[in-house]
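1. Sequence first, predicted coordinates after that:
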Amino acid sequence: MPSKARGRTDQDRVAELEAAAERRTRDLQAALEQRSNLLHELDHRVKNNLQLISSLMLLQARRASDPAVKAALGAMQGRLAAVGVVHRRLFQSEDVTCFDVSDFLRDMVAELSGPSARQDVEIVCRLEPALVPAAKAAPLALLINELLTNAFQHAFPEGRPGRLSIAIVDGDAEIGIEIADNGVGTAVGGQPGGGQEGFGLTIVELLAKQLQARVAREDSDPGLRVTVKLPRDNHGGGR
């Protein structure tokens, strides 16, 4: 009889543990579903806000009569679009702690080579997968956007055809990003790519400092080559 009593007690305890585990599992599933819904809502709001700001810039650009103002607003729209790509990539990623720079560049190239883009500039890509921490994604994307759009817009003036080469090499100590063109090269006054505006150059320098990256420019005869070296301790991928 005592052994049966103990058996019933053990069974009761097991049943209680199983019931507690089931309740805990349901609570965790409900919390996960709530978190997922909140993330989707956050993603929706961020995309809407980015689109609203972009639309306001477009409206202001259309109403502006000063070509310099139109160009500045257009450049800001491009930077905003780069941030939007980062947000989309991070949200769609299975690992939200990391950001693949190569995937971002493929999106950028798709934008630059779309139906409304210049068809006389060939874009050649050699992109190795390269992961950076999510915290570094936006500044790095803005830096790349600045260099890429500058090369695309200024290296081939007056309808000059050419080639734009983009490469990413994920090395042992650092990520190497290279954007090279066979365009006009360094213009008078030392400005690359046919005269990059001072504001854009300042943005590149500030972002490079924030990322602890090195940016180098050199004439490639013809054209210009810009390289970015990002230390490996600045990204979250392992090798």
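-> Great, that's in hand. Numbers count the residues shown, from 1 in each chain.

2. Residues contacting the helix or strand that contains Ala180, please?
-> Using DSSP states H and E, Ala180 sits within strand 174-181. Strand 174-181 has contacts (C-beta atoms under 8 Å, 6 or more residues apart in numbering) with 101, 130, 132, 144, 147-148, 151, 155-156, 162-170, 193, 220, 223-232, 235. Just so you know, the C-beta spots here come from the backbone N, C-alpha and C atoms, and that holds for glycine as well.

3. Helices - which of those residues land there?
-> Within the contacts of strand 174-181, residues falling in helices by DSSP state H are 101, 144, 147-148, 151.

4. buried subset of those?
-> Using 16 or more other C-beta atoms under 10 Å as the burial test, those include 101, 144, 147-148, 151 as buried.

5. filter the contacts of strand 174-181 to the buried ones?
-> 101, 130, 132, 144, 147-148, 151, 155-156, 162, 164-168, 170, 193, 223-230, 235.

6. By neighbour count, which bits of the host helix or strand of Lys136 are buried? Give me those.
-> In this assignment (DSSP H and E), Lys136 forms part of helix 134-154. Neighbour counts over helix 134-154 (16+ other C-beta under 10 Å) mark 134, 136-154 as buried.

7. Next one: the closest residue to Ala64 other than its chain neighbours from Met57, what distance?
-> Leaving aside its chain neighbours, Ala64 sits nearest to Lys70 (5.2 Å; criterion: C-beta to C-beta, 6 or more residues apart in numbering). According to C-beta to C-beta, to the nearest Å, Lys70 and Met57 sit 10 Å apart.

8. Repeat that for Glu128.
-> Distance from Glu128 to Met57, by C-beta to C-beta: 34 Å.

9. got it, and Glu94?
-> For Glu94, the distance to Met57 - C-beta to C-beta - is 33 Å.

10. Between these two, which has more neighbouring residues?
-> More crowded of Glu94 and Met57, by other C-beta atoms under 10 Å: Met57, with 17 against 5.

11. so what pLDDT did the more buried one get?
-> Met57 carries a pLDDT value of 80.

12. helices or strands up against the helix or strand in which it is found?
-> Here Met57 sits within helix 2-63, counting by DSSP H and E. Under the contact criterion of 3 or more C-beta pairs under 8 Å, 6 or more residues apart in numbering; DSSP states H and E, helix 2-63 touches helix 67-92.

13. for the record, mean pLDDT for the helix it packs on?
-> 81.

14. thinking again about what came up before, contacts for the helix or strand just after the strand holding Ala180?
-> Downstream of strand 174-181, the first helix or strand assigned by DSSP H and E is helix 198-211. The contact list for helix 198-211 (C-beta under 8 Å, 6+ apart) reads 72, 75, 136, 139-140, 142-143, 146-147, 150, 191, 213-215, 228, 230, 234.

15. And stretch 202-220, how far out from the chain middle?
-> Distance, stretch centre to chain centre, for stretch 202-220: 16 Å (C-alpha atoms, centre = their mean, to the nearest Å).

16. That stretch: end-to-end distance?
-> Start-to-end span of stretch 202-220 (C-alpha to C-alpha, to the nearest Å) is 23 Å.

17. buried ones in it?
-> Applying 16+ other C-beta under 10 Å to stretch 202-220 flags 203-204, 207-208, 211, 213, 215, 217 as buried.

18. got it, and stretch 108-128?
-> Neighbour-count burial for stretch 108-128 flags 108-109, 111-113, 121, 123, 127 (criterion: 16+ other C-beta under 10 Å).

19. any idea which of those is closest to Val184?
-> Val121 (12.8 Å; C-beta to C-beta).

20. Against Val215, how distant is the closest one?
-> Distance of Val121 to Val215, given as C-beta to C-beta: 22 Å.
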